[in-house]
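>>> Quick one, structure for this:
(one chain, ligands or ions: 2)
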Amino acid sequence: MKLEQLRKSMKMVLKETRYQHVLGVEEVSVDLAVIHGCNPRKAAIAGILHDCAKSLSDEELLSECMKYSLPISEGERKSVYLLHAKVGAAYAKDKYGVEDDDILNAITYHTTGRQGMSLLEKIVFTADYIEPNRKPLPRIEEIRKAAYDYLDLAVYLILENTLDYLKSIGAFIDTRTNETYAYYKNII
Ligand SMILES: [Fe+2]
Ligand SMILES: [Fe+2]
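Ligands and ions are numbered 1, 2, ... in the order given. You can find the predicted model right below:
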C-alpha cells in the first residue's frame, strides 16, 4: 500500500492531535532508519500505523482481541489501553495489508518494548517517545541525542523515564516493561 494512502487512512480514524503525533513518529522513524541502517520504507509504514487502533475504547479493544484471538496478559487486563498495540498490529495486517513480521512486531511492542528488540522495533519504540509534537518530557534532549548516537541507550533511558513516571503516579506496571528495562540496563 502507498504511504500516502496509509496516512489518509490514519487521518480518517484518528483525532487530529494523534494524527500529528503519527506523522512525527513516521518522520523520526525514517530519520533513525537512515542513520542506523534500517529500511526507511518499513520504518515509515510502522511509524504511520503504530497507533492505528488508538481511537478504540477499552470495550472495543477487548472485543477486537476476542475477534482476532489475541491473548490478553494480566497487565493488559489492568491497563486495557496497552492493547492498542497488539490490536494495531492485527489491523495493520487485516485492514492495511502489512505482511512483514518485523513491521507487525514493531507495532505490537511499541508501548512496552521487549527483550532483544530488532532494529526496527527499537526505532519505532524510540520515535514514539521523542517525536517533536510530544509535550516536553524530562531528559528529552539527552534521550534525543542518544537516539541518534546509541539507540540501546535511548531505549534504556525511555524505559527508565516511563517507569519513574508510572511509579510517581502509582500506576500499575506491566511485567513486560520491567523485563525490557532490566534487559537494556544489562546491555548498555
Ligand atoms: Fe501507542
Ligand atoms: Fe504513539
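>>> what's the lowest-mean-pLDDT helix or strand in the chain packed up against?
Across the helices and strands of the chain, mean pLDDT, DSSP states H and E gives its lowest value to helix 74-78, namely a mean of 93. With contacts defined as 3 or more Cβ pairs under 8 Å, 6 or more residues apart in numbering; DSSP states H and E, the packing partners of helix 74-78 are helix 175-187. C-beta here means a position set from N, CA and C on the backbone, and glycine is covered the same way.
>>> who does the helix it packs on touch, helix- and strand-wise?
With contacts taken as 3+ Cβ pairs under 8 Å, 6+ apart, helix 175-187 sits against helix 74-78, helix 151-168.
>>> swap the cut-off to 6 Å and go again
helix 151-168 (3 or more Cβ pairs under 6 Å, 6 or more residues apart in numbering; DSSP states H and E).
>>> which bits of this protein sit near ligand 2?
Asp51, Asp128 (Cβ under 5 Å from the ion).
>>> for the chain, which residue is closest to the average position?
His110 (2.3 Å; Cα atoms, centre = their mean).
>>> Would you confirm that that one contacts Asp51?
No. His110 is beyond contact range of Asp51, at 8.1 Å (criterion: Cβ atoms under 6 Å).
>>> Not including adjacent chain positions, what is the nearest residue to Cys38?
Leu119 (4.7 Å; Cβ to Cβ, 6 or more residues apart in numbering).
>>> And Ile45, by the same measure?
Nearest to Ile45 is Ile103, by Cβ to Cβ, 6+ apart, at 5.5 Å.
>>> Equivalent analysis for Tyr181, please.
Nearest to Tyr181 is Leu159, by Cβ to Cβ, 6+ apart, at 4.1 Å.
>>> most residues in a single helix of this structure, which one?
In the chain, ranked by residue count with DSSP state H as the criterion, the top helix is helix 16-36.
>>> So Asp149 versus ligand 2, what's the distance?
23 Å (Cβ to the ion, to the nearest Å).
>>> Same check on Lys167?
21 Å.
>>> just to revisit the earlier point, hmm, who's touching the least confident helix or strand of the chain?
Leu82, Leu83, Phe172, Asp174, Thr175 (Cβ atoms under 6 Å, 6 or more residues apart in numbering).
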